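Enquirer: 3D, please:
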Amino acid sequence: MADIKFEIKETVGILYESTKGWKKELNFMSWNDKEDKYDIREWAPEHEKMGKGITLSRDELIKLRELLNGISF
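Expert: Residues are numbered from 1 along each chain as shown. Alright, predicted model coming up:
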């Protein structure tokens, strides 16, 4: 399996933190030197391990915000 290269440019916010220190974060980042995108996933305390996540373009993130704003709680 090839190495995955990533660079977190900005941590936008933390959505959740487990008792073991893993954090579900929204980050603006680059994967394998490609275009920067928004990414939601769980990270180990020093970002040495990661869980499965979802990566969104700016337009996709805007659409997600619109969808979330339409939800009645």
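Enquirer: Only C-alpha atoms from now on, for both contacts and neighbour counts.
Expert: Fine.
Enquirer: Would you map the strands across the protein?
Expert: Secondary structure of the chain by DSSP state E: the strands cover 6-17, 23-31, 37-43, 50-56.
Enquirer: mind checking which of those strands is nearest S72?
Expert: strand 6-17 (19.8 Å; CA to CA).
Enquirer: same for that closest one, what does it pack against?
Expert: strand 23-31 (3 or more CA pairs under 8 Å, 6 or more residues apart in numbering; DSSP states H and E).
Enquirer: which parts of the strand it packs on are buried?
Expert: 23-30 (16 or more other CA atoms under 10 Å).
Enquirer: again with stretch 12-26
Expert: For stretch 12-26, by 16+ other CA under 10 Å, it's 22-26.
Enquirer: Name the member of those with the shortest distance to E42.
Expert: Distances from E42 to the buried residues of stretch 12-26, taken by CA to CA, are shortest for K24, at 4.1 Å.
Enquirer: Need the pLDDT of the closest one.
Expert: Among the per-residue scores, K24 holds a pLDDT of 98.
Enquirer: List the contacts of the residue nearest to it when sequence neighbours are not counted.
Expert: Nearest non-adjacent residue to K24, counting by CA to CA, 6 or more residues apart in numbering: E42, 4.1 Å away. Going by CA atoms under 8 Å, 6 or more residues apart in numbering, E42 touches 22-25, 50-53.
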